[in-house]
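**Q** Following is a predicted model, sequence given first.
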Amino acid sequence: MMERDQAELSLDGEDGILEAMRSTMVNLWHSVNGVHISDLGEKPFLFRFFHEMDMERVTSGAPWTFNNHLLMIHRLEEGNDSMNVPLILANFWVQVHDVPSGFFSEPLASRGVQNL
């Protein structure tokens, strides 16, 4: 059975959060071979997927939130320590409306993103 690990940022000061998040995320992700969620204490959770397709679906579907908190996702590689993962960057989707047709270009989009 293939195992893939993923680290996630937990939510501070909320009782029963693991069970609530487990139920919600399992229902959202509909994993083929299941997902095991462990609370690593202090901050992170560990999500262990048992099929590569499940891992790809979750990582490509990011950003994910639970209870208005951003879940910081990092794919662990062989030898990574889940307690030392720097969860400091997150990808966001940005959709801009009513852009004049002359402004559709990668350089302009890149400059606009830098100003976010």
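**A** Received, thanks.
**Q** Could you use CA atoms for every contact and neighbour count after this?
**A** Will do.
**Q** Over to Phe47. Which of the three states is it?
**A** Three-state assignment for Phe47 (DSSP: H, G, I helix; E, B strand; the rest coil): strand.
**Q** So what's the residue count around it?
**A** Residues contacting Phe47 under the criterion other Cα atoms under 10 Å number 20.
**Q** Just the pLDDT at it, thanks.
**A** pLDDT for Phe47: 87.
**Q** For the remainder of this discussion, apply numbering that starts at 237.
**A** All right, first residue 237 from here; so that's Phe283.
**Q** how close does the spatially most central residue of the chain get to Asn327?
**A** Centroid-nearest residue in the chain: Ile309, 3.4 Å away (criterion: Cα atoms, centre = their mean). The gap separating Ile309 from Asn327 is 10 Å, by Cα to Cα, to the nearest Å.
**Q** what about the longest helix along the chain, distance to the chain center?
**A** Longest helix in the chain, counting residues (DSSP state H): helix 253-265. Its chain's C-alpha centre and that of helix 253-265 lie 13 Å apart, by Cα atoms, centre = their mean, to the nearest Å.
**Q** ditto for stretch 335-346
**A** That offset, for stretch 335-346, works out to 28 Å (Cα atoms, centre = their mean).
**Q** got any ranges where the protein has weak pLDDT?
**A** 237-251, 279, 352 (pLDDT under 70).
**Q** what about the strands in it?
**A** Using DSSP state E, the strands of the chain run over residues 240-245, 271-275, 280-285, 300-302, 305-307, 310-311.
**Q** Within the sheet, what are the partner strands of the last one, with directions?
**A** Here strand 310-311 has these sheet partners by DSSP bridges: strand 240-245 (antiparallel).
**Q** And for this structure, the residue most distant from the center?
**A** Distance-from-mean max, the chain, by Cα atoms, centre = their mean: Gly338 at 34.6 Å.
**Q** State the distance from that one to Leu344.
**A** Taking Cα to Cα, one finds Gly338 at 10 Å from Leu344.
**Q** How about Glu314?
**A** 39 Å.
**Q** How many residues are close by Met319?
**A** 14.
**Q** Not counting sequence-adjacent ones, nearest residue to it?
**A** In this structure, Met319 finds its nearest non-sequential neighbour in Pro280, 7.3 Å apart by Cα to Cα, 6 or more residues apart in numbering.
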